[in-house]
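# output the structure for:
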Amino acid sequence: MTILLVDDEPALVALFSDCLRRAGYDVKEAFDGDHALSLFVESPQSFALVISDIHMPNISGTELARFVASHDCPVLLVSGGAIPPEVGAEGWNFLTKPLLPQTLVSAVAKILKRKRSVRADHPEIPGALSA
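Numbers count the residues shown, from 1 in each chain. As a prediction, this is how the structure comes out:
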């Protein structure tokens with residue numbers, strides 16, 4: 001499963017990518033919303049999950065999340081700042097920085113398990129995962 005990881009802090013991208021890869025996930029990295037959007041648009045079906053910081057230059061994490069979610073891809077937003085109201089209103093997954101790498105890996109596993117469960121129960125959903 002491939003995860004798109006987006007953050008404008010290169011040290012966090014490196015740390016989180018490493019822990020996700022050690023957990024068995026493939027990770028594509030982007031350091032701003034523009035780059036993340038271009039990677040996602042290129043091949044939206046190839047991503048099982050998008051993890052994004054909320055506060056980034058150009059395209060914010062919430063703008064990216066809105067686009068990604070419209071393609072039936074789950075989103076996990078992270079931020080060390082204030083939580084924008086649309087995060088709760090849209091029902092997006094959210095973690096507060098700072099966070100431990102194992103907290104991120106655990107959240108990813110839960111989100112992907114929930115995605116597989118929903119898709120198994122409703123095969124008519126586009127992009128359903130195979131067993």
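# pLDDT on stretch 38-53, on average?
Regarding stretch 38-53, the rounded mean pLDDT is 96.
# in that stretch, what's buried?
In terms of neighbour count (16 or more other Cβ atoms under 10 Å), stretch 38-53 has its buried residues at Leu39, Phe40, Pro44, Phe47, Ala48, Leu49, Val50, Ile51, Ser52, Asp53. No exception for glycine: its C-beta is placed from N, CA and C like everyone else's.
# average pLDDT across the helix or strand harbouring Lys110?
Per DSSP states H and E: Lys110 is located in helix 101-121. Helix 101-121 carries an average pLDDT of 82.
# send the alpha carbons of that helix over as PDB?
Taking Å, rounded to 0.1, in the frame of the first residue of the first chain, the C-alpha atoms of helix 101-121 are listed here in PDB:
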ATOM      1  CA  PRO A 101       6.200   7.700  15.200                       C
ATOM      2  CA  GLN A 102       4.400   4.700  16.700                       C
ATOM      3  CA  THR A 103       1.300   6.900  17.200                       C
ATOM      4  CA  LEU A 104       1.400   7.700  13.500                       C
ATOM      5  CA  VAL A 105       1.800   4.000  12.400                       C
ATOM      6  CA  SER A 106      -1.000   2.900  14.700                       C
ATOM      7  CA  ALA A 107      -3.400   5.600  13.300                       C
ATOM      8  CA  VAL A 108      -2.500   4.600   9.800                       C
ATOM      9  CA  ALA A 109      -3.200   0.900  10.500                       C
ATOM     10  CA  LYS A 110      -6.600   1.800  12.000                       C
ATOM     11  CA  ILE A 111      -7.600   4.000   9.100                       C
ATOM     12  CA  LEU A 112      -6.600   1.500   6.500                       C
ATOM     13  CA  LYS A 113      -8.300  -1.300   8.400                       C
ATOM     14  CA  ARG A 114     -11.500   0.700   8.500                       C
ATOM     15  CA  LYS A 115     -11.100   1.500   4.700                       C
ATOM     16  CA  ARG A 116     -10.800  -2.300   3.900                       C
ATOM     17  CA  SER A 117     -13.700  -3.100   6.100                       C
ATOM     18  CA  VAL A 118     -16.000  -0.500   4.500                       C
ATOM     19  CA  ARG A 119     -14.900  -1.600   1.000                       C
ATOM     20  CA  ALA A 120     -15.400  -5.300   1.800                       C
ATOM     21  CA  ASP A 121     -18.900  -4.600   3.100                       C
END
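# alright, calling it a day.
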